[in-house]
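**Student:** give the three-dimensional model of this entry:
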Amino acid sequence: MAVLAVVSAVGMAVDERVLVGSPIWFKPLKFSISLLMYAMTLAWMLSLATRGRRLAWWAGTVVALTGAIEMVIIVGQVIRGRRSHFNYETAFDGLLFNVMAVTIVTLWISSLVISILLFRSRPADRAAAWAMRLGAVIALVGAALGNLMSQPTPEQRAAGGRGVSDVVGAHSVGVPDGGPSMPLTGWSTTGGDLRIPHFVGMHALQLIPLFLLVLIALAPRLAPLRDERVRLRLVLVASGSYAAVLALVTWQALRGQALIHPDGATLTAAALILAGAAAGTLVSLRTTPARAQANDTDKELVA
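**Tutor:** Numbers count the residues shown, from 1 in each chain. Here you go, the predicted model:
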């Protein structure tokens, strides 16, 4: 995926073709970077599994193979100058998209197996254990939300009834795919975009463990973070807040609302999530005097 990301970046620089309002090599670039991050994080998590290591190895291998198949089809369609997703223009295009659907379901099931193994494992650090587990669960939800994009839009249902629909599914809600979009991400700026909850959910796999790593890095300077129970509470608060944000962006996209143009209801919900996260953080940072005294005693003994 790292090599493919470089190839795709070169493709964007030298290939001027545009497909559905975006540079034709933009999709393989995004997918290769996303799969690179996903695979590296899963590999790290698998190295920490204490049970079912053989099953975990097979599940990780299936993730790698299905991801590779997915990218072969995406790049192949780019070379042909055709859409890789939602494309039923020809029998061959439809076959390729159906193969991609099977590989994604297989990848999801393999990731589910890995998540179950993470719940069965008992790492020494409880905060690390729950950061991995909850990150994996939210990522599974985010991956499953991708199925929303494969559902036909009302316009496609009408066209399908007349037998003329070559595209089944869409990224956008309320507006056609390929319209005005945000830089870098390509997300719609005029309507809802189902890629947003898909992206937010899947990258919980990296962001929640990364949040814990930040807490550990800050622990030498901030005394409360030296307490494992405090770090665990903060991980739980962060995971709950992240799940709430995922629900919010999903709701926003399904209502046909652009991410950068939230209405009053969206802003109110966001404010409630922020307030809940702040309150949870304040409560989590409180340590019991007995525990704090024990930590001081431990430091003295070590000294």
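
**Student:** which stretches in the stretch 1-150 of the chain count as strands?
**Tutor:** Assigned by DSSP state E, counting those that start in this stretch, the stretch 1-150 of the chain shows strands spanning 18-19, 22-23.

**Student:** could you dump the ones you listed to TSV with mean neighbour count and mean pLDDT?
**Tutor:** (Glycine included, C-beta is placed from N, CA and C.) Converted to TSV, the strands of the stretch 1-150 of the chain look like this (neighbours: other C-beta atoms under 10 Å; pLDDT from 0 to 100):
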stretch	mean neighbour count	mean pLDDT
strand 18-19	14	90
strand 22-23	16	89
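
**Student:** distance to Ala68 for those - can I get that in a markdown table?
**Tutor:** A markdown table is the format used below for those (distance: least, C-beta to C-beta, whole Å):
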| stretch | distance to Ala68 |
| --- | --- |
| strand 18-19 | 22 |
| strand 22-23 | 23 |
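
**Student:** among the ones you listed, which is nearest Ile73?
**Tutor:** Closest approach to Ile73 among the strands of the stretch 1-150 of the chain (C-beta to C-beta): strand 18-19, 14.7 Å.

**Student:** parallel or antiparallel, which strands does the closest one pair with?
**Tutor:** Strand 18-19 sits in its sheet next to strand 22-23 (antiparallel), going by DSSP bridges.

**Student:** what's in contact with the strand it pairs with?
**Tutor:** Here strand 22-23 makes contact (C-beta atoms under 8 Å, 6 or more residues apart in numbering) with Met12, Asp15, Arg17, Gly178, Ser181, Gly186.

**Student:** could you redo the last one with a cut-off of 10 Å?
**Tutor:** Strand 22-23 has contacts (C-beta atoms under 10 Å, 6 or more residues apart in numbering) with 8, 11-13, 15-17, 29-30, 177-178, 181, 186.

**Student:** please list only the buried members of these.
**Tutor:** By neighbour count, with 16 or more other C-beta atoms under 10 Å, these hold Ser8, Gly11, Met12, Leu29, Lys30, Asp177, Gly178, Ser181, Gly186 as buried.
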